[in-house]
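K.L.:
Quick one: sequence plus predicted model below, questions after.
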Amino acid sequence: MSYCELTMTERSTLQVALAQQMSFRAIAKLLKRAPSTISSEVRRHARTRQHYQANKAQDNRHYRRLLCRPKRKLLPGKERFELITHMLKKYLSPEQIAGQLKTMDIPSLRDAYVCKETIYTAIYALPVGQLRHELIHCLRHGRSQRKPRTGGVDRRGQIPERVSIHLRPPEVHKRVIPGHWEGDLIKGKNNASAVGTLVELTSGYVMLVKMNGATATAAVEGCAALNRMPLSLRKTMTYDQGKEMARHAEITQNTGVGIYFCDPHSPWQRGANENINGLIRQYLPKGTDLSVYSQAELDEIALSLNMRPRKRFGFKCPIERLTKVMLATENKKAATH
């Protein structure tokens, strides 16, 4: 249990009790405090028991709090604050500003350096008004409030028995053997509708799946689309930690696909899928109600993407690439037998 300082009411009660010659232990019992708290309070604020005054003790407490409080490094109107404001208005990030302040040699600003967190704190501590609005607008994301810092801890509900991406077979990263997929959901207007996206890593082949929401049940039903592919093309799938994958063991049982989960807030671990989602948004823009699209229409969009030439494949399309990779794999198997 954390310590709580004596209140003004408790100090007044203490003063009266001391005047009545009550012992520290009796006063502590009356105030429901530790005897050491009472003796420390009296020793700190008075020469003797008879000299203790509640109002003076309270004033001393306020004075000590002011002394121990560190002075703010960035105050409006000061030269350092004006310099940082000028740099913010040139759309430098707080991190870039902090880095430049380290290298500056300005006689009047010998101690100009402040870290990026100090800059962020100073901006968001400004009173509501034109200056605060203007400086927040200069930040890259321009949020009116800071997002809470989680310290790397994922606060979402945990997916039971999930397997980390770091345990994924090394062959997946090499993108040589077909059958390894990355998956995701793209959501429609007000997050009320969703479409499942799947991309095969060796070929960039895309599948779009109509979803009945973003629930675990919808994910089980949607991932059944993988059964359209031959068994040799159903090895693994890498997904983020969205709660819709809570029933991943059931998906594995239904499709034979082993599912691996990325680290929290690490979209680059599914780079192929993130890239293809950007292309899909050309057909299904943000803010669109995705529930109006039938599976046939989504298949047409997927076909269009699968016929799109890709630079990394020498401008061959994913369908050509998938066919070529599958053929090479079959020939290799035949040769070994």
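P.N.:
Arrived safely, thanks for sending.

K.L.:
can we go C-alpha only for contacts and neighbour counts from here?
P.N.:
Will do.

K.L.:
Give me the most central residue, the protein.
P.N.:
Nearest to the mean C-alpha position of the chain, by C-alpha atoms, centre = their mean, lies residue 265 at 5.6 Å.

K.L.:
confidence score at it?
P.N.:
Note on residue 265: pLDDT of 86.

K.L.:
Distance check, it against residue 99.
P.N.:
25 Å (C-alpha to C-alpha, to the nearest Å).

K.L.:
Could you list the domains of this structure?
P.N.:
Following automatic domain parsing, one finds the domains of the chain at 8-68, 79-138, 165-336.

K.L.:
Of these, which shows the lowest average pLDDT?
P.N.:
domain 79-138 (a mean of 80).

K.L.:
End to end on that domain, go ahead and measure it.
P.N.:
For domain 79-138, the end-to-end distance is 19 Å (C-alpha to C-alpha).

K.L.:
Begin at 598 from now on, thanks
P.N.:
From this message on, residue numbering opens at 598, which makes the last subject domain 676-735.

K.L.:
from the chain's centre, how far out does it sit?
P.N.:
24 Å (C-alpha atoms, centre = their mean, to the nearest Å).

K.L.:
cool, stretch 624-644 as well?
P.N.:
46 Å.

K.L.:
if we look at that stretch, which residues are touching it?
P.N.:
607, 611, 614, 621, 622, 645, 646, 649, 650, 653, 654, 657 (C-alpha atoms under 8 Å, 6 or more residues apart in numbering).

K.L.:
Out of the residues you listed, flag the one nearest to residue 913.
P.N.:
residue 657 (78.6 Å; C-alpha to C-alpha).

K.L.:
residues near that closest one, how many?
P.N.:
Residue 657 sits with 14 neighbouring residues when counted by other C-alpha atoms under 10 Å.

K.L.:
hang on, the earlier thing: using JSON lines, lay out the domains of the chain together with distance to residue 743.
P.N.:
Output for those, formatted as JSON lines (distance: least, C-alpha to C-alpha, whole Å):
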{"stretch": "domain 605-665", "distance to residue 743": "26"}
{"stretch": "domain 676-735", "distance to residue 743": "8"}
{"stretch": "domain 762-933", "distance to residue 743": "17"}
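
K.L.:
that older thread, show me how to select, in ChimeraX, the buried members of the contacts of stretch 624-644.
P.N.:
Of those, the buried ones go into a single ChimeraX selection, burial set by 16 or more other C-alpha atoms under 10 Å:
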select :611,614,621,646,649,650,654
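
K.L.:
Model confidence score at residue 745, please.
P.N.:
pLDDT recorded at residue 745 is 61.

K.L.:
How about residue 748?
P.N.:
For residue 748, pLDDT reads 50.

K.L.:
swap in the one 10 residues further on?
P.N.:
On the pLDDT scale, residue 758 is placed at 87.

K.L.:
Show me where the stretch 748-897 of the chain has its strands.
P.N.:
777-784, 791-797, 803-808, 833-836, 855-858 (DSSP state E, counting those that start in this stretch).

K.L.:
Looking at these, which is nearest to residue 926?
P.N.:
Residue 926 lies closest to strand 777-784 among those, at 13.7 Å (C-alpha to C-alpha).

K.L.:
What are the contacting residues of the closest one?
P.N.:
With C-alpha under 8 Å, 6+ apart, strand 777-784 has contacts from 769, 790-799, 811, 830-837, 867, 869-870, 874, 883, 887.

K.L.:
isn't residue 692 right next to residue 712, touching?
P.N.:
Yes: contact criterion C-alpha atoms under 8 Å: residue 692 and residue 712 qualify, at 7.5 Å.
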